[in-house]
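1. structure, please.
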Amino acid sequence: MLSFWQRAAIAVVVTFAIIGVLVSDQWIRDAAESELTSIQRWFGESARAEVVDRAARWYTAAIVDTGFADEVWKGYTRTPEQRARSPEFETGPFKAGLDWFETRIVVFFTLIFQVFLRLSAVVLWAPYLALLIIPAAIDGWVRRKIKQTSFSYTSPLAHSYSMLAIKTAIVGILFVFLLPVPLPFGCIPAAGVLVALALGLVIANTQKRI
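-> Numbering: from 1, shown residues only. As a prediction, this is how the structure comes out:
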(Lines give C-alpha, C1' and ligand atoms only; values in the text may rest on other atoms or scores of the structure.)
Protein backbone atom coordinates (compact mmCIF):
# COMPACT_ATOMS: atom_id res chain seq x y z
CA MET A 1 0.00 0.00 0.00
CA LEU A 2 1.27 3.45 -0.87
CA SER A 3 2.37 5.72 1.95
CA PHE A 4 0.93 9.18 2.56
CA TRP A 5 3.91 10.85 0.87
CA GLN A 6 3.81 8.51 -2.14
CA ARG A 7 0.11 9.20 -2.70
CA ALA A 8 0.75 12.92 -2.27
CA ALA A 9 3.62 12.84 -4.80
CA ILE A 10 1.45 11.07 -7.38
CA ALA A 11 -1.37 13.56 -6.83
CA VAL A 12 0.99 16.52 -7.23
CA VAL A 13 2.44 15.10 -10.47
CA VAL A 14 -1.03 14.42 -11.89
CA THR A 15 -2.16 17.94 -10.94
CA PHE A 16 0.96 19.39 -12.57
CA ALA A 17 0.24 17.46 -15.77
CA ILE A 18 -3.44 18.48 -15.90
CA ILE A 19 -2.60 22.16 -15.41
CA GLY A 20 0.15 21.90 -18.02
CA VAL A 21 -2.31 20.55 -20.58
CA LEU A 22 -5.26 22.85 -19.90
CA VAL A 23 -3.78 26.25 -18.99
CA SER A 24 -1.99 28.83 -21.13
CA ASP A 25 1.37 30.26 -20.14
CA GLN A 26 -0.07 33.80 -20.27
CA TRP A 27 -2.65 32.84 -17.66
CA ILE A 28 0.17 31.71 -15.34
CA ARG A 29 2.14 34.90 -16.04
CA ASP A 30 -0.90 37.03 -15.21
CA ALA A 31 -1.38 35.19 -11.91
CA ALA A 32 2.29 35.70 -11.02
CA GLU A 33 2.11 39.39 -11.90
CA SER A 34 -0.94 39.84 -9.68
CA GLU A 35 0.86 38.24 -6.73
CA LEU A 36 3.97 40.35 -7.31
CA THR A 37 1.79 43.46 -7.34
CA SER A 38 0.42 42.48 -3.92
CA ILE A 39 3.95 41.96 -2.61
CA GLN A 40 4.96 45.36 -3.93
CA ARG A 41 1.92 46.98 -2.33
CA TRP A 42 2.67 45.53 1.12
CA PHE A 43 6.45 45.18 1.18
CA GLY A 44 7.64 47.68 -1.42
CA GLU A 45 9.35 47.63 -4.82
CA SER A 46 12.64 46.32 -3.40
CA ALA A 47 10.89 43.26 -1.93
CA ARG A 48 9.23 42.53 -5.26
CA ALA A 49 12.59 42.75 -7.05
CA GLU A 50 14.17 40.51 -4.39
CA VAL A 51 11.48 37.84 -4.83
CA VAL A 52 11.83 37.83 -8.62
CA ASP A 53 15.65 37.82 -8.52
CA ARG A 54 15.80 34.95 -6.03
CA ALA A 55 13.29 32.89 -8.03
CA ALA A 56 15.24 33.54 -11.24
CA ARG A 57 18.49 32.41 -9.60
CA TRP A 58 16.88 29.22 -8.30
CA TYR A 59 15.27 28.51 -11.69
CA THR A 60 18.57 29.08 -13.49
CA ALA A 61 20.49 26.85 -11.08
CA ALA A 62 17.93 24.01 -11.11
CA ILE A 63 16.60 24.09 -14.67
CA VAL A 64 19.03 25.92 -16.95
CA ASP A 65 22.51 25.28 -15.54
CA THR A 66 21.79 21.56 -15.11
CA GLY A 67 21.01 21.27 -18.82
CA PHE A 68 17.46 20.08 -18.12
CA ALA A 69 15.77 22.83 -20.14
CA ASP A 70 18.16 22.35 -23.06
CA GLU A 71 17.58 18.59 -23.14
CA VAL A 72 13.81 19.02 -23.08
CA TRP A 73 13.86 21.54 -25.92
CA LYS A 74 16.21 19.40 -27.98
CA GLY A 75 14.24 16.23 -27.37
CA TYR A 76 10.71 17.50 -27.84
CA THR A 77 10.83 20.48 -30.22
CA ARG A 78 11.79 20.94 -33.86
CA THR A 79 14.98 22.68 -34.90
CA PRO A 80 15.09 24.68 -38.16
CA GLU A 81 17.07 21.82 -39.72
CA GLN A 82 14.41 19.29 -38.74
CA ARG A 83 11.71 21.55 -40.14
CA ALA A 84 13.58 21.76 -43.45
CA ARG A 85 13.99 17.97 -43.65
CA SER A 86 10.32 17.29 -42.89
CA PRO A 87 8.21 19.91 -44.70
CA GLU A 88 5.17 17.64 -44.48
CA PHE A 89 5.01 18.40 -40.75
CA GLU A 90 4.75 22.15 -41.41
CA THR A 91 1.21 22.06 -42.75
CA GLY A 92 -2.17 20.71 -41.76
CA PRO A 93 -2.98 18.81 -38.57
CA PHE A 94 0.63 17.71 -38.04
CA LYS A 95 1.78 21.30 -37.68
CA ALA A 96 -1.13 22.17 -35.39
CA GLY A 97 -0.38 19.19 -33.16
CA LEU A 98 3.35 19.87 -32.96
CA ASP A 99 2.75 23.57 -32.33
CA TRP A 100 0.34 22.71 -29.52
CA PHE A 101 2.89 20.36 -27.96
CA GLU A 102 5.58 23.04 -28.06
CA THR A 103 3.27 25.51 -26.32
CA ARG A 104 2.72 22.89 -23.60
CA ILE A 105 6.48 22.80 -23.02
CA VAL A 106 6.45 26.58 -22.60
CA VAL A 107 3.63 26.20 -20.06
CA PHE A 108 5.61 23.45 -18.30
CA PHE A 109 8.60 25.72 -17.73
CA THR A 110 6.43 28.73 -16.88
CA LEU A 111 4.68 26.65 -14.22
CA ILE A 112 8.02 25.60 -12.76
CA PHE A 113 9.11 29.23 -12.56
CA GLN A 114 5.83 30.10 -10.84
CA VAL A 115 6.57 27.51 -8.15
CA PHE A 116 10.03 29.01 -7.61
CA LEU A 117 8.45 32.46 -7.46
CA ARG A 118 6.05 31.37 -4.73
CA LEU A 119 8.80 29.60 -2.80
CA SER A 120 10.75 32.83 -2.99
CA ALA A 121 7.74 34.64 -1.52
CA VAL A 122 7.79 32.16 1.38
CA VAL A 123 11.39 33.20 2.08
CA LEU A 124 10.18 36.80 2.19
CA TRP A 125 7.65 35.79 4.83
CA ALA A 126 10.15 33.59 6.74
CA PRO A 127 11.02 36.08 9.54
CA TYR A 128 7.32 36.56 10.28
CA LEU A 129 6.60 32.83 10.09
CA ALA A 130 9.44 32.23 12.55
CA LEU A 131 7.64 34.51 15.03
CA LEU A 132 4.72 32.08 14.84
CA ILE A 133 6.46 28.72 14.66
CA ILE A 134 9.28 29.15 17.20
CA PRO A 135 7.03 30.28 20.10
CA ALA A 136 4.58 27.49 19.25
CA ALA A 137 7.39 24.92 19.37
CA ILE A 138 8.67 26.32 22.69
CA ASP A 139 5.15 26.29 24.12
CA GLY A 140 4.70 22.67 23.06
CA TRP A 141 8.04 21.71 24.62
CA VAL A 142 7.14 23.45 27.91
CA ARG A 143 3.75 21.73 28.04
CA ARG A 144 5.43 18.38 27.42
CA LYS A 145 7.90 19.01 30.27
CA ILE A 146 5.03 19.93 32.57
CA LYS A 147 3.29 16.66 31.71
CA GLN A 148 6.50 14.74 32.40
CA THR A 149 7.00 16.28 35.83
CA SER A 150 3.32 16.05 36.82
CA PHE A 151 2.94 12.49 35.50
CA SER A 152 0.12 13.60 33.20
CA TYR A 153 -0.71 11.56 30.13
CA THR A 154 0.09 12.71 26.63
CA SER A 155 -2.56 12.25 23.96
CA PRO A 156 -1.50 9.90 21.15
CA LEU A 157 -4.67 10.89 19.29
CA ALA A 158 -3.82 14.60 19.46
CA HIS A 159 -0.26 13.78 18.38
CA SER A 160 -1.47 11.74 15.39
CA TYR A 161 -4.00 14.30 14.22
CA SER A 162 -1.48 17.12 14.61
CA MET A 163 1.09 15.22 12.54
CA LEU A 164 -1.58 14.63 9.92
CA ALA A 165 -2.38 18.36 9.94
CA ILE A 166 1.28 19.24 9.36
CA LYS A 167 1.60 16.72 6.51
CA THR A 168 -1.65 17.95 4.96
CA ALA A 169 -0.50 21.56 5.23
CA ILE A 170 2.78 20.75 3.47
CA VAL A 171 1.06 18.87 0.65
CA GLY A 172 -1.65 21.52 0.46
CA ILE A 173 0.99 24.20 0.00
CA LEU A 174 2.49 22.21 -2.89
CA PHE A 175 -0.93 21.99 -4.54
CA VAL A 176 -1.59 25.67 -3.97
CA PHE A 177 1.78 26.60 -5.46
CA LEU A 178 0.73 24.86 -8.70
CA LEU A 179 -2.57 26.68 -9.05
CA PRO A 180 -2.55 29.01 -12.08
CA VAL A 181 -4.59 31.66 -10.25
CA PRO A 182 -3.46 34.58 -8.07
CA LEU A 183 -3.08 33.42 -4.48
CA PRO A 184 -4.62 35.54 -1.71
CA PHE A 185 -1.98 37.66 0.00
CA GLY A 186 -2.65 36.01 3.38
CA CYS A 187 -2.30 32.44 2.08
CA ILE A 188 1.28 31.95 3.29
CA PRO A 189 0.84 33.37 6.82
CA ALA A 190 -2.42 31.41 7.19
CA ALA A 191 -0.55 28.19 6.39
CA GLY A 192 2.12 29.28 8.89
CA VAL A 193 -0.51 29.64 11.63
CA LEU A 194 -1.84 26.13 10.91
CA VAL A 195 1.65 24.60 10.97
CA ALA A 196 2.54 26.48 14.18
CA LEU A 197 -0.57 25.29 16.03
CA ALA A 198 -0.15 21.71 14.84
CA LEU A 199 3.58 21.68 15.68
CA GLY A 200 2.86 22.85 19.22
CA LEU A 201 0.38 20.01 19.69
CA VAL A 202 2.76 17.45 18.19
CA ILE A 203 5.57 18.41 20.57
CA ALA A 204 3.29 18.69 23.60
CA ASN A 205 1.84 15.23 22.99
CA THR A 206 5.01 13.39 21.97
CA GLN A 207 5.34 10.19 23.97
CA LYS A 208 7.43 10.63 27.12
CA ARG A 209 9.83 7.81 26.30
CA ILE A 210 11.21 9.75 23.31
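2. what is whichever strand or helix holds Gln6 packed up against?
-> Element membership for Gln6, per DSSP states H and E: helix 4-22. Judged by 3 or more Cβ pairs under 8 Å, 6 or more residues apart in numbering; DSSP states H and E, helix 4-22 is in contact with helix 92-150, helix 156-178. From N, CA and C alone the C-beta is placed, and that goes for glycine too.
3. so after it, what's the next helix or strand?
-> helix 25-43.
4. residues in contact with that next one: which ones?
-> Outside helix 25-43, the residues that touch it by Cβ atoms under 8 Å, 6 or more residues apart in numbering are 47-48, 51-52, 103, 106-107, 110-111, 113-114, 117-118, 121, 124, 179-183, 185.
5. any stretches of this protein with poor pLDDT?
-> 76-95, 150-155, 159, 207-210 (pLDDT under 70).
6. ok, Phe175 - contacts?
-> Neighbours of Phe175 in contact, by Cβ under 8 Å, 6+ apart: 11-12, 15.
7. quick one: buried ones out of those residues?
-> With neighbours counted by 16 or more other Cβ atoms under 10 Å, the contacts of Phe175 contain no buried members.
8. and of the helices and strands packed on helix 4-22, who's closest to Val193?
-> With Cβ to Cβ as the criterion, Val193 lies closest to helix 92-150 of the helices and strands packed on helix 4-22, at 6.1 Å.
9. got the angle for the closest one vs helix 25-43?
-> For helix 92-150 against helix 25-43, the angle by axes from the mean of the first three to the mean of the last three Cα atoms, to 10 degrees is 40 degrees.
10. tally of neighbours for Asp70?
-> The local packing of Asp70 (other Cβ atoms under 10 Å) involves 12 other residues.
11. excluding chain neighbours, what is closest to it?
-> Val64 (7.7 Å; Cβ to Cβ, 6 or more residues apart in numbering).
12. same question for Arg104.
-> According to Cβ to Cβ, 6+ apart, the nearest residue to Arg104 is Gly20 (5.9 Å).
13. enumerate every residue touching that neighbour.
-> 104, 107-108, 111.
14. one more time with 10 Å
-> Taking Cβ atoms under 10 Å, 6 or more residues apart in numbering, we find Gly20 in contact with 28, 104-112, 178, 180.
15. now Met163
-> Neighbouring residues of Met163 by Cβ under 10 Å, 6+ apart: 4, 198-199, 201-202, 205-206.
16. shouldn't Lys167 be in contact with Ala8?
-> Yes: the criterion here is Cβ atoms under 10 Å, and Lys167 meets it with Ala8 at 7.8 Å.
17. out of the two, which sits in the busier spot?
-> Each of Lys167 and Ala8 has its neighbours counted (other Cβ under 10 Å); Ala8 has more, 18 against 14.
18. relative to Leu174, how far out is that one?
-> The gap separating Ala8 from Leu174 is 8 Å, by Cβ to Cβ, to the nearest Å.
19. and for Val13?
-> The value you get for Val13 to Leu174, if Cβ to Cβ is used, is 10 Å.
20. and if you look at Arg29?
-> In terms of Cβ to Cβ, Arg29 sits 21 Å off from Leu174.
21. cool, Ala32 as well?
-> 17 Å.
22. for stretch 55-65, how far is the first residue from the last?
-> 14 Å (Cα to Cα, to the nearest Å).
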